[in-house]
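Student: take a look and give me a structure for this.
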Amino acid sequence: MSKITVYSAPWCVYCKMVKSYFDEKKIAYTELDVSTNDSAKDEMIEKSGQLGIPVIDIDGKIIIGFDKPAINAALNIS
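Tutor: Predicted coordinates:
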């Protein structure tokens, strides 16, 4: 099973889309709210070099935005 972290914020539409996608596929993930958690925000920026969200960490592979093909490739699903 992959270790997945989603860096997100409650107001982010694309973050909601990522989480809904994982929920539909029954894929477990950890959500970190970068709007209220400064250490999570710093961690996200260090990993991705980005301020934009969502940032998804799948076993160390960083995906920026709701990039379904990249997410599927990282998880080996179609």
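
Student: quick one, phi psi at the nearest residue to residue 25 once chain neighbours are set aside?
Tutor: In space, and not counting its chain neighbours, residue 25 is closest to residue 77: 7.1 Å by CB to CB, 6 or more residues apart in numbering. Any C-beta I mention is one placed from the backbone N, CA and C, and that applies to glycine too. Main-chain torsions, residue 77, degrees, to the nearest 10: phi -120, psi 160.

Student: surely residue 77 is in contact with residue 26?
Tutor: No: counting by CB atoms under 8 Å, residue 77 does not reach residue 26; the two are 11.2 Å apart.

Student: who has more neighbours, those two?
Tutor: residue 77 (9 against 6; other CB atoms under 10 Å).

Student: and that one, what's its pLDDT?
Tutor: For residue 77, the model assigns a pLDDT of 90.

Student: what does residue 34 give?
Tutor: pLDDT, residue 34: 97.
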